[in-house]
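# Would you be able to build a 3D model of this:
(one chain, ligands or ions: 2)
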Amino acid sequence: MPMLAVPSKKYRPYTSINLPDRQWPSKRITEAPTWLSTDLRDGNQALANPMTIQQKTQFFLQLVKCGVKEIEVAYPAASDTDFGFVRGLIEQNLVPDDVWLQVLTPARADLIKRTVDSVAGAKKAIIHMYNATSPTFRQVVFGNTKEKTIALAVDHTKIIRQLTEECTAKYGTQFRYEYSPETFTQTEPDFAIEVCQAVKAAWGKAGPGDERIIFNLPATVEIATPNHYADQIEYFIRNVTERENMLISLHPHNDRGTGIAAAELALMAGADRIEGCLFGNGERTGNVDLVTLALNLYTQGIAPNLDFSDIYSVIETVTSCNDLPIHPRHPWAGELVFTAFSGSHQDAIKKGMEAQSRRHAEALAKGENAYWDIPYLPIDPADLGCTYEAIIRVNSQSGKGGIAYLVKQHLLLDLPRRMQISFYQVIQAISDRTGKEMTVEDITTSFCNTYHYGGSKYEGRLVLRSFSLANLTSPSNSVSPTPGAADGDLTSRLRRFDGKLSVDGVVRVIRGEGNGPLSAFLDALHKHLDIDFSIREYSEHSVGESTSSKAASYIELVSPSIDPMDKNPLSGSWGVGIDSDITSSGLKAVLSAVNGAIGDRALPDFTLTVGLSDRSSVADIATAVQGALGLQLPKRMQASFLEVLQAQALDQHIGREIPLDELTKLFRKTYNFTDDVEETHPSNFALRTFTVEAPDASRRVFTGVVSVSGKERQITGEGNGPLSALLAALKTISPNNGWETLAISEFAEHSIGHGSDVRAASYVELVLDAHNGKGSKSVWGVGLHEDITTSGLRAVLSAAGGLDAVSTHLQNGVA
Ligand SMILES: CC(=O)SCCNC(=O)CCNC(=O)[C@H](O)C(C)(C)COP(=O)(O)OP(=O)(O)OC[C@H]1O[C@@H](n2cnc3c(N)ncnc32)[C@H](O)[C@@H]1OP(=O)(O)O
Ligand SMILES: CC(C)C(=O)C(=O)O
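Residues are numbered from 1 along each chain as shown. Ligands and ions are numbered 1, 2, ... in the order given. Below is the predicted model of the structure:
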């Protein structure tokens with residue numbers, strides 16, 4: 001049947017109470033009520049599969065842990081399970097001394113007896129009896145007059161009095177009595193009062209404190225707006241006698257979805273106690289939710305006397321015992337209640353959090369309260385054991401503020417506003433494309449990929465390997481190993497930047513000049529790689545605590561074609577860098593922005609004009625070395641020699657042209673190379689005489705005389721081959737020279753010449769780890785001799801001769 005056009009033909013409105021001078025609207029709740037959890041009774045009776053004893057026990061212990069002091073544990077006469085559960089709690093001593101066990105019974109003598117029996121021996125028990133009092137129930141369910149309805153309640157109250165007194169005498173159990181005129185909200189207000197007065201008289205011993213009789217006035221079915229319930233409660237309280245000897249208890253259900261409001265207004269109307277269930281389980285739409293009520297009070301600064309500090313474990317217990325989920329938007333407890341997806345909410349939360357940290361610091365310094373005041377978040381999730389992780393989640397409805405908040409939370413980077421806008425475009429494009437929520441990991445990974453931030457995994461095409469800065473205008477022109485002033489420093493001086501930059505895996509030696517380190521670096525990029533940018537915006541902040549703090553730098557680069565007045569955030573390229581040294585952090589930020597800007601555009605190779613060749617690449621240079629000296633350099637040694645050539649080209653101002661004989665001279669000098677097998681080796685380290693013995697198959701012992709910078713030294717060392725044995729011997733020359741980590745990383749050899757003129761050419765790469773943990777450096781050596789072992793040993797000595805220079809480079813290394 002469809003909904004009616006005129007529903008008044010079918011449904012009657014509730015009857016208002018005539019209470020023109022009602023007081024409750026101007027009252028405030030100033031303290032928590034007494035709470036009774038009826039999860040194990042009203043909640044349990046509404047479950048398709050009532051809880052097992054084990055589940056009820058688990059739930060009971062959770063309630064105790066949350067601080068509930070009155071727990072309706074069962075309807076013991078209903079089943080052996082319920083009866084057994086109550087007995088189990090008592091017999092296993094699971095009930096703390098300050099917790100009251102409440103049990104429900106109808107007004108039936110046999111069932112009352114079993115109910116009282118169930119709690120015999122408990123320390124404190126509340127017997128709760130009910131009978132419905134409203135006209136429909138009187139007429140339809142019981143077929144009773146008003147008088148008989150009162151008699152039913154009175155007679156069975158007397159039975160309860162007698163049985164509880166006997167029980168106290170026998171077992172020492174302390175009893176209280178609760179009476180519920182079930183369907184109170186549908187009962188004529190004066191009749192409800194009449195029944196309760198009669199019950200009070202029948203009980204005959206209502207007094208102060210623990211002697212107070214509990215009148216529980218249920219909204220068995222919620223039938224009106226919540227103000228009506230408040231009116232009913234205020235009316236009841238005004239008209240009963242001996243108010244001081246009774247506790248007024250509420251038992252709201254939630255049929256209209258206003259159970260919470262009804263409970264709160266009825267508290268304002270003077271009630272003392274509330275019965276409900278955690279997260280609102282219970283008949284139909286449930287009992288009133290005790291968690292919501294308690295946390296509503298908490299957010300008003302009122303101690304609820306219930307502890308939900310670990311709300312997740314409470315949720316876990318309740319959902320598993322009830323086998324019912326909690327709605328994701330359930331007040332205070334749903335998985336989405338502290339989450340903002342939308343941009344303007346996220347922006348406000350981010351700003352609120354930042355302002356609050358400042359406000360709290362000031363308040364604490366003055367000894368004042370640090371009040372919580374965050375837009376859209378009426379409670380601090382941390383108070384409930386929740387993290388801030390879930391507060392901001394990102395999808396296509398999100399904005400820059402929320403994304404920047406996550407970057408700050410997870411990467412500790414406080415992006416400048418215009419960079420936020422720029423990164424937002426990146427995230428927005430992804431979420432628009434996928435239509436899905438972006439996780440924190442998605443966002444941080446996109447950030448690292450976009451800005452080549454976060455270590456070698458995210459490196460771009462250009463990677464700064466090492467650099468030094470020289471102050472060109474100072475009298476000494478000295479190289480500064482720990483560079484200081486960044487661009488923007490007021491003492492702007494002409495600086496020279498020298499650096500090694502890996503470009504698509506090939507090391508380039510670059511040099512540039514500018515008014516500060518960053519502009520000198522940009523100048524070098526322009527000169528060597530045709531990358532032309534200038535800085536439009538620069539900012540920095542520190543990250544972390546004093547001693548270990550680092551500098552985070554943000555740079556926006558723009559190409560010269562951009563109008564300097566154009567502030568469109570999308571016309572520039574942003575970069576970020578972090579380092580304990582502020583200059584390095586700025587340089588990294590420049591590189592981050594450059595990597596983003598160049599994309600996959602082709603960059604000019606380093607070329608030299610060697611001899612007759614017009615444009616010589618690394619392969620041509622290797623061919624020239626082979627032509628002149630017969631040496632077939634290993635690939636990585638070719639790259640290493642190219643670095644030397646580049647540096648030489650810069651230092652000697654020889655431009656990009658180098659005669660062939662200059663090239664061979666430079667090769668000989670760099671590697672202390674001589675092709676005369678008899679000639680004394682010109683290196684710092686020259687081999688005079690040696691023997692290599694083999695004490696066993698896997699060991700070699702080198703003993704020999706080596707000239708070290710002109711002085712002859714007898715040395716000995718052991719390794720698994722002649723070369724490693726020589727290396728071990730060299731390490732003994734000066735034990736503190738920092739060569740502990742020196743090792744052979746590559747070895748190659750080939751023959752040169754034919755017949756009796758054949759000689760062996762050996763190549764060795766030695767690798768030294770930097771002491772400061774900033775990576776490792778390698779140096780190559782080459783040796784030539786008729787005897788292959790001697791040629792290898794010469795190659796080791798040739799490489800070792802280059803180590804002084806290496807050590808200097810390591811000082812200025814960039815990780
Ligand atoms: C609003 C509430 O939540 S009230 C609590 C409701 N909870 C429960 O009912 C769960 C436990 N209940 C039970 O296990 C059973 O109903 C029992 C054991 C109490 C009684 O079972 P039965 O004797 O089979 O009766 P039944 O379940 O049919 O209950 C209806 C009878 O109880 C009577 N009745 C209903 N409420 C009450 C009451 N508060 N006091 C006395 N009698 C009552 C009805 O008038 C009806 O009587 P009738 O058989 O003479 O017509
Ligand atoms: C027994 C009573 C209090 C009840 O559960 C109700 O009226 O909802």
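
# Quick one: residues in contact with stretch 129-149.
104-107, 112, 152-153, 156-157, 160, 177-184, 186-188, 191-192, 194-195, 220 (Cβ atoms under 8 Å, 6 or more residues apart in numbering). (Each C-beta comes from the backbone N, C-alpha and C, glycine too.)

# just stretch 109-127 next, same as before
Contacts of stretch 109-127 (Cβ under 8 Å, 6+ apart): 70, 72, 74, 76-77, 82-83, 86-87, 89-91, 95, 97, 99-105, 129, 156, 159-160, 163-164, 167, 170-178, 214.

# unless I'm mixing things up, residue 81 is touching residue 53, no?
Yes - using Cβ atoms under 8 Å, residue 81 is in contact with residue 53, at 6.2 Å.

# ok so, going back, so which of the contacts of stretch 109-127 sit within strands?
Using DSSP state E, 70, 72, 74, 100-105, 129, 174-178, 214 are the members of the contacts of stretch 109-127 that sit in strands.

# Buried ones from those residues, can you make that a PyMOL selection?
Only the buried entries of these go into this PyMOL selection, using 16 or more other Cβ atoms under 10 Å:
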select buried, resi 70+72+74+100+101+102+103+104+105+129+175+176+177+178+214
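
# with the ones in strands among the contacts of stretch 109-127 in mind, which one is nearest to ligand 2?
The shortest approach to ligand 2 among those belongs to residue 104, at 5.9 Å (Cβ to the nearest ligand atom).

# before we move on, which element is the closest residue to residue 194 other than its chain neighbours in?
Excluding its sequence neighbours, the residue lying closest to residue 194 (Cβ to Cβ, 6 or more residues apart in numbering) is residue 150, at 6.8 Å. Using DSSP states H and E, residue 150 falls within helix 146-171.

# contacts with ligand 2 among the contacts of stretch 129-149, please.
Among those, the residues lying close to ligand 2 (Cβ under 6 Å from any ligand atom) are 104, 180, 182, 220.

# Pipe the residues you listed into CSV and attach secondary structure and pLDDT per row.
CSV is the format used below for those (DSSP: H, G, I helix; E, B strand; the rest coil; pLDDT from 0 to 100):
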residue, secondary structure, pLDDT
104, strand, 98
180, strand, 98
182, strand, 98
220, coil, 98
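
# Same list (these) but as JSON lines, adding distance to ligand 1.
Output for those, formatted as JSON lines (distance: Cβ to the nearest ligand atom, whole Å):
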{"residue": "104", "distance to ligand 1": "6"}
{"residue": "180", "distance to ligand 1": "8"}
{"residue": "182", "distance to ligand 1": "5"}
{"residue": "220", "distance to ligand 1": "5"}
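
# farthest-separated two in these?
Greatest spatial distance in these: 104 and 220, 13.1 Å, computed using Cβ to Cβ.

# With only the CA atoms kept, save the helix or strand containing residue 314 in CSV.
In this assignment (DSSP H and E), residue 314 forms part of helix 311-322. Coordinates of each C-alpha in helix 311-322 appear next as CSV, following Å, rounded to 0.1, in the frame of the first residue of the first chain:
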residue,chain,number,x,y,z
ILE,A,311,37.5,3.2,21.7
TYR,A,312,38.8,0.7,19.1
SER,A,313,38.9,-2.1,21.6
VAL,A,314,35.4,-1.2,22.8
ILE,A,315,34.2,-1.2,19.2
GLU,A,316,35.9,-4.6,18.6
THR,A,317,34.2,-6.2,21.6
VAL,A,318,30.8,-4.8,20.9
THR,A,319,30.7,-5.6,17.2
SER,A,320,32.0,-9.1,17.7
CYS,A,321,29.7,-9.9,20.6
ASN,A,322,26.6,-8.4,19.0
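
# Let me see the mean pLDDT of it.
Over the span of helix 311-322, the pLDDT mean works out to 97.

# returning to what we had before: which of the ones next to ligand 2 among the contacts of stretch 129-149 are buried? Put it as a PyMOL command.
Applying 16+ other Cβ under 10 Å to those leaves a buried subset, and the PyMOL line that selects it is:
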select buried, resi 104+180+182+220
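
# Can you give me the pLDDT of residue 397?
84.

# helix, strand or coil for it?
coil (DSSP: H, G, I helix; E, B strand; the rest coil).

# give the contact list for it.
Contacts of residue 397 (Cβ under 8 Å, 6+ apart): 341, 342, 343.

# Next, count neighbours for the second one.
By that I understand residue 342. Residue 342 has 14 neighbouring residues, counting by other Cβ atoms under 10 Å.

# Name the nearest residue to it, ignoring sequence neighbours.
Nearest in space to residue 342, with sequence neighbours left out and distances taken as Cβ to Cβ, 6+ apart, is residue 397 at 4.8 Å.

# Pull up the residues of the stretch 101-250 of the chain that are close to ligand 1.
So the stretch 101-250 of the chain meets ligand 1 at 106, 107, 108, 111, 130, 131, 141, 142, 182, 220 (Cβ under 6 Å from any ligand atom).

# Buried only: go through those for me.
Buried among those (16+ other Cβ under 10 Å): 106, 107, 108, 111, 130, 131, 182, 220.

# Could you dump those into a markdown table and include distance to residue 572?
Shown next, in a markdown table, are these (distance: Cβ to Cβ, whole Å):
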| residue | distance to residue 572 |
| --- | --- |
| 106 | 78 |
| 107 | 81 |
| 108 | 83 |
| 111 | 80 |
| 130 | 74 |
| 131 | 78 |
| 182 | 72 |
| 220 | 67 |
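
# To what extent is the residue of the stretch 501-650 of the chain at minimum distance from ligand 2 buried, counted in neighbours?
Per Cβ to the nearest ligand atom, residue 545 is where the stretch 501-650 of the chain lies closest to ligand 2, at 57.0 Å. The local packing of residue 545 (other Cβ under 10 Å) involves 7 other residues.

# you'd agree it is in a helix?
No - counting by three-state DSSP, residue 545 falls outside a helix, being coil.

# That one: what's it in contact with?
Taking Cβ under 8 Å, 6+ apart as the test, residue 545 contacts no residue whatsoever.

# which SS state does the residue in the stretch 251-400 of the chain that ligand 2 sits nearest to fall under?
Closest residue of the stretch 251-400 of the chain to ligand 2, Cβ to the nearest ligand atom: residue 251 (4.7 Å). Put simply, residue 251 is strand when judged by three-state DSSP.

# Who does it form a beta bridge with?
On the basis of DSSP bridges, residue 251 is bridged to residue 218.

# ok, so of the contacts of residue 397, who is nearest ligand 1?
Comparing these against ligand 1 with Cβ to the nearest ligand atom places residue 341 closest, at 39.8 Å.

# Now that closest one, what are its backbone angles?
phi -100, psi -30 (degrees, to the nearest 10).

# Run through the residues that contact it.
Residues near residue 341 by Cβ under 8 Å, 6+ apart: 393, 394, 395, 397, 398, 437.

# The residue of the stretch 251-400 of the chain closest to ligand 2 contacts residue 221, doesn't it?
No - with contacts counted by Cβ under 8 Å, residue 251 stays clear of residue 221, the gap being 11.3 Å.

# roughly how far apart are residue 102 and residue 176?
9 Å (Cβ to Cβ, to the nearest Å).

# before we move on, what about residue 65?
Per Cβ to Cβ, residue 65 is found 23 Å from residue 176.

# before we move on, what about residue 584?
Taken as Cβ to Cβ, the span from residue 584 to residue 176 is 74 Å.

# Distance of residue 579 relative to residue 259?
Taking Cβ to Cβ, one finds residue 579 at 58 Å from residue 259.

# mind showing which ranges of the stretch 601-750 of the chain have poor pLDDT?
Within the stretch 601-750 of the chain, the set of residues satisfying pLDDT under 70 comprises 610-616, 652-657, 676-683, 734-737.
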